[in-house]
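Asks: Return atomic coordinates for the entry below.
(3 chains)
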Amino acid sequence: MDEEYAEAVLDLVEQVPAGRAMTYGTVAEVVADGFVLAGGRARGGPRQVGAVLARMGARVPWWRVVNAAGHPHDPARALAHYAAEGTPLTSDGQRVALRRAIWFPDDPED
DNA sequence: ACATTGACTAATT
DNA sequence: TAATTAGCCAATG
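Replies: Model prediction:
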């Protein structure tokens, strides 16, 4: 596991505003693009993002990263955060309403 | 070098 | 709507 890559992922996750969220796939793409611009080599798909969070996710708001269906890795804990942050959820209250919560680094409504 | 495994995704049933 | 299938990329043994 490349430390530089891990840092990039964690930094990005830390930038996600409360009440918003990003998908693993999107995080992977944004980080990958950043590395390309930096003339870097390290790549990584969505699964690598998950691998990084599995190791060092404890120090970042990991609940703001969900899969394409809007499901967080640890629903029990994530739900409590969503309630506290006012994150938009779907009718079943079990998954993040990505249509409304999805966030990008260049989002004007940071 | 090969097989297995994951905090994934998209398309197909 | 839910389950299955196939593709995916890197880490690990």
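Asks: what about stretch A:24-44, near DNA strand C?
Replies: Yes: applying Cβ under 7 Å from any atom of the strand, one finds stretch A:24-44 touching DNA strand C at A:43, A:44. (Each C-beta comes from the backbone N, C-alpha and C, glycine too.)
Asks: Need the residues that contact that stretch.
Replies: A:2, A:4-5, A:8-9, A:12-13, A:22, A:45-50, A:65-68, A:102, A:104-105 (Cβ atoms under 8 Å, 6 or more residues apart in numbering).
Asks: And it, how far out from the chain middle?
Replies: 14 Å (Cα atoms, centre = their mean, to the nearest Å).
Asks: SS state for residue A:44?
Replies: coil (DSSP: H, G, I helix; E, B strand; the rest coil).
Asks: gap between it and DNA strand B?
Replies: For residue A:44, the distance to DNA strand B (Cβ to the nearest atom of the strand, to the nearest Å) stands at 9 Å.
Asks: Return the residues of chain A in contact with DNA strand B.
Replies: Residues of chain A lying near DNA strand B (Cβ under 7 Å from any atom of the strand): A:23-26, A:45-51, A:53-54, A:57-58, A:62, A:65, A:67-69, A:72-74.
Asks: what's near enough to touch residue A:10?
Replies: Contacts of residue A:10 (Cβ under 8 Å, 6+ apart): A:52, A:56, A:57, A:59, A:60.
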